[in-house]
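Novice: quick check, what structure comes out for this input:
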Amino acid sequence: MEEFRNNTTNMMKGNIVFLVIAPLLLLSCTSPQKQEPAPANTIRLTKLECLRQEPPIHIIEHCDLSGDSLTEFPDLSMYAIRSLDLSHNLLSELKKECLPLGLEKLDLSHNRFEGEFHLPPVPTLRELDLSYNKLHEAVTVQGVSLRKLNVSHNRLGRNIQFDGFMAYLDISYNPYIYDAVMFEPDAVDTLIREGLPLQLPLSFNIFGSSTESKVSDRKYKQAMRLAKRFPHNRDTLLKAAELLDEAIFLRGSRKKRQYRAYILSAAGEHKEAVRCISQLEDEWGQGNSYQRAKAMLLELGGRKKEADSIYAKVALDEKATIKKYRLQPEDNIAWDSMLKGYIGTLYLRDNRIYTYEDVANALDLPWKSLDSLDKQNLIRDLMRSMAGKSRKETLRLFLMDKKISWNYMEM
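Specialist: Predicted coordinates:
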């Protein structure tokens, strides 16, 4: 009996030990093995690098290089690719010599193409997506049998051009397309035009429309009202410059571009302002009016030495011209206009108020040649407008206020 009791006790102890140890053994058997860390020298290849590892011996139906952080157009000229997706990269230029053979579909959406886009002749291309870029000047597709074009979500106006018939064209969400376009709307089978500023019927017109002209003038007037109402508020001035940008895009003029330069200068954007005036000089010649305006913008930007050099040059040119025109008294309007400009230049050059006798002496003319009531009032009014103001304030008034601006700046 005692032996039976001992055996029973031992069996119970054994069972207890088994019940405690068994789960631990099971857990050790089923727990996941610790993974070995990846080698430190493992490098993740980009999509383009993966493509380059493949021999270019087969036709690739679809090649996806989207979101690959590409900043330059990749050279794919050794491949034959029917559909190429380069969307969501950082591309800003298309290189024809880098395009693959047999390309039929090209996606360049969500990149950084700006200004104008000209598609070179690609005989096989049928579909092109340029949506979600920053194109604002023109899209030209010529010498290509394109059937589908998407230029939505850019900043384009009427300057979209293509040859022949287009099966599908998406021009949605371009803020400067009104009612005039540079393609024939009847040559488009399916035209998508959501989110345009005005849902007017489109018509072919390479010179623009009266609607564009009216919108441009309205934006110009809004810009000038803002600039003159808040002449010292930088944010408001930049908003005015943006309105002028839009006005110039729709229907540009020298006047609008001049005032854009003056407003940018008033907002502290002197470098951009000088660039604007320099562009006008390149297009219309280096007349004294542009030279003088450029000098004032340079001075406001802290480049006084350059400005003084231009003031001196302009004063000499104007002096010679005025003495020449004095021999033609019948042209009094032109003479008075040039005299106003010259008086302003003298003030800018010498930073002092002149009398009409001083002006006559500066011109090396008898003072009696200016001794008329009209001439005296003209000189007196100009000098009075400058008196009591700081140099910086006077420069800004010359550029922005038509009451004392010269003829070429008047609205």
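Novice: from here on, just use CA atoms for contacts and neighbour counts.
Specialist: Noted.
Novice: let me see the contact set for the closest residue to residue 98 other than its chain neighbours.
Specialist: Beyond its immediate neighbours in the sequence, the residue positioned closest to residue 98 (C-alpha to C-alpha, 6 or more residues apart in numbering) is residue 75, lying 4.2 Å away. With contacts defined as C-alpha atoms under 8 Å, 6 or more residues apart in numbering, the neighbours of residue 75 are 97, 98, 99, 100.
Novice: and residue 364, how many neighbours?
Specialist: Around residue 364 there are 11 other residues, counting by other C-alpha atoms under 10 Å.
Novice: what do you get for residue 190?
Specialist: Other residues lying near residue 190 total 14 when counted by other C-alpha under 10 Å.
Novice: doesn't it belong to a strand?
Specialist: Yes: following the definition DSSP: H, G, I helix; E, B strand; the rest coil, residue 190 is counted among the residues of a strand.
Novice: and the nearest residue to it once chain neighbours are set aside, what element?
Specialist: Nearest in space to residue 190, with sequence neighbours left out and distances taken as C-alpha to C-alpha, 6+ apart, is residue 168 at 4.7 Å. For residue 168, the element it lies in under DSSP states H and E is strand 166-170.
Novice: contact partners of that strand?
Specialist: Defining contact as C-alpha under 8 Å, 6+ apart, one finds that strand 166-170 is touched by 146-152, 187-193.
Novice: mind putting those residues into TSV with distance to residue 305 and pLDDT?
Specialist: Shown next, in TSV, are the contacts of strand 166-170 (distance: C-alpha to C-alpha, whole Å; pLDDT from 0 to 100):
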residue	distance to residue 305	pLDDT
146	55	90
147	58	93
148	56	95
149	52	95
150	51	96
151	47	96
152	48	96
187	58	88
188	58	92
189	61	92
190	60	93
191	56	93
192	55	93
193	53	91
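Novice: same list (those) but as TSV, adding distance to residue 210.
Specialist: Shown next, in TSV, are the contacts of strand 166-170 (distance: C-alpha to C-alpha, whole Å):
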residue	distance to residue 210
146	31
147	31
148	30
149	27
150	27
151	24
152	24
187	23
188	24
189	27
190	26
191	23
192	23
193	20
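Novice: nearest to residue 233, of the residues you listed?
Specialist: If you rank the contacts of strand 166-170 by distance to residue 233 using C-alpha to C-alpha, residue 152 comes first, at 34.3 Å.
Novice: ramachandran angles for the nearest residue to residue 65 once chain neighbours are set aside?
Specialist: Counting by C-alpha to C-alpha, 6+ apart, residue 65 lies nearest to residue 86, which is 5.2 Å off, once chain neighbours are set aside. For residue 86, the backbone dihedrals are phi -120, psi 20 (criterion: degrees, to the nearest 10).
Novice: give me every residue that touches residue 86.
Specialist: Counting by C-alpha under 8 Å, 6+ apart, the residues that residue 86 touches are 64, 65, 66, 67, 106, 107, 108, 109.
Novice: and the furthest pair within the residues you listed?
Specialist: In terms of C-alpha to C-alpha, those reach their longest pairwise distance at 67 and 106, which sit 14.7 Å apart.
Novice: of these two, which one has the most company?
Specialist: Taking neighbours as other C-alpha under 10 Å, residue 67 and residue 106 compare with residue 106 leading, 20 against 16.
Novice: can you name every helix or strand that the helix or strand in which that one is found contacts?
Specialist: Secondary structure from DSSP H and E places residue 106 in strand 105-107. Here strand 105-107 touches strand 80-85, strand 127-129, going by 3 or more C-alpha pairs under 8 Å, 6 or more residues apart in numbering; DSSP states H and E.
Novice: show me what the last one is packed up against.
Specialist: Think strand 127-129. Applying 3+ C-alpha pairs under 8 Å, 6+ apart, we find strand 127-129 packed against strand 105-107, strand 148-150.
Novice: with distance to residue 344 added, can I get the ones you listed in a markdown table?
Specialist: Compiled in a markdown table, the helices and strands packed on strand 127-129 are given as follows (distance: least, C-alpha to C-alpha, whole Å):
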| stretch | distance to residue 344 |
| --- | --- |
| strand 105-107 | 56 |
| strand 148-150 | 53 |
